[in-house]
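Peer 1: just coords:
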């Protein structure tokens with residue numbers, strides 16, 4: 001992927017040196033949708049970074065001042081011109097607007113360089129921070145999927161299903 005710089009951030013491919021920073025926020029994922037990505041140790045984080053290095057779907061977000069990884073974005077292409085997008089950031093860097101700054105830069109890149117027509121994101125009903133981010137980015141809520149997906153099970157091993165919202169934005173809405 002092309003490196004993207006904002007005032008405070010660098011969006012780039014993952015590098016081998018990112019493992020410790022990735023482990024810092026994936027050892028205990030905050031959002032249930034990232035539970036399957038939980039990393040048990042630094043060795044697993046190194047393997048995950050190796051996997052992500054070879055994919056433009058995973059975008060590392062680093063601080064411009066240090067290039068330390070503080071989170072990541074993803075964008076999955078659905079031909080011909082749609083992308084599923086999302087974000088996951090280290091809670092230690094929350095509240096500073098980094099996720100918004102990074103997502104805004106990604107959206108601009110996808111709409112201008114990749115000629116995306118439509119971007120969408122799934123957000124669990126209890127993930128208020130991501131819902132607010134979607135709205136700050138100009139995305140509209142398109143629907144609520146009741147008991148859409150399960151990331152955990154109850155004490156008896158039965159899946160616990162979560163309500164999930166879909167947000168989206170079109171290129172013409174982004175440029176308006």
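Peer 2: That came through, no problem. Note that this is a predicted model, so its numbers are computed, not measured.
Peer 1: What is the helix ranked longest in the chain packed up against?
Peer 2: Ranked by residue count under DSSP state H, the longest helix found in the chain is helix 98-112. The contact analysis (3 or more CB pairs under 8 Å, 6 or more residues apart in numbering; DSSP states H and E) places helix 98-112 against strand 4-5, strand 9-12, strand 58-63, strand 69-78, strand 82-89, strand 118-124, helix 128-136, helix 171-175. From N, CA and C alone the C-beta is placed, and that goes for glycine too.
Peer 1: deepest of these, which one?
Peer 2: Between those, strand 58-63 has the highest mean count of neighbours, a mean of 22, where neighbours are mean count of other CB atoms under 10 Å.
Peer 1: tell me which element the residue of the chain positioned farthest from its centre falls in.
Peer 2: No residue in the chain sits farther from the centre than residue 156, which is 31.1 Å out by CA atoms, centre = their mean. Secondary structure from DSSP states H and E places residue 156 outside every helix and strand.
Peer 1: Likewise for residue 24?
Peer 2: Counting by DSSP H and E, residue 24 is part of helix 19-26.
Peer 1: Show me what counts as buried in that helix.
Peer 2: 19, 21-26 (16 or more other CB atoms under 10 Å).
Peer 1: and what of stretch 100-120?
Peer 2: Across stretch 100-120, burial judged by 16+ other CB under 10 Å covers 101-107, 109-111, 116, 118-120.
Peer 1: do the same with stretch 156-165
Peer 2: Along stretch 156-165, these residues count as buried under the neighbour rule (16+ other CB under 10 Å): 162, 164-165.
Peer 1: So which of those residues is the closest to residue 96?
Peer 2: residue 165 (24.6 Å; CB to CB).
Peer 1: Can you classify the closest one as helix, strand or coil?
Peer 2: Following DSSP: H, G, I helix; E, B strand; the rest coil, residue 165 is assigned to strand.
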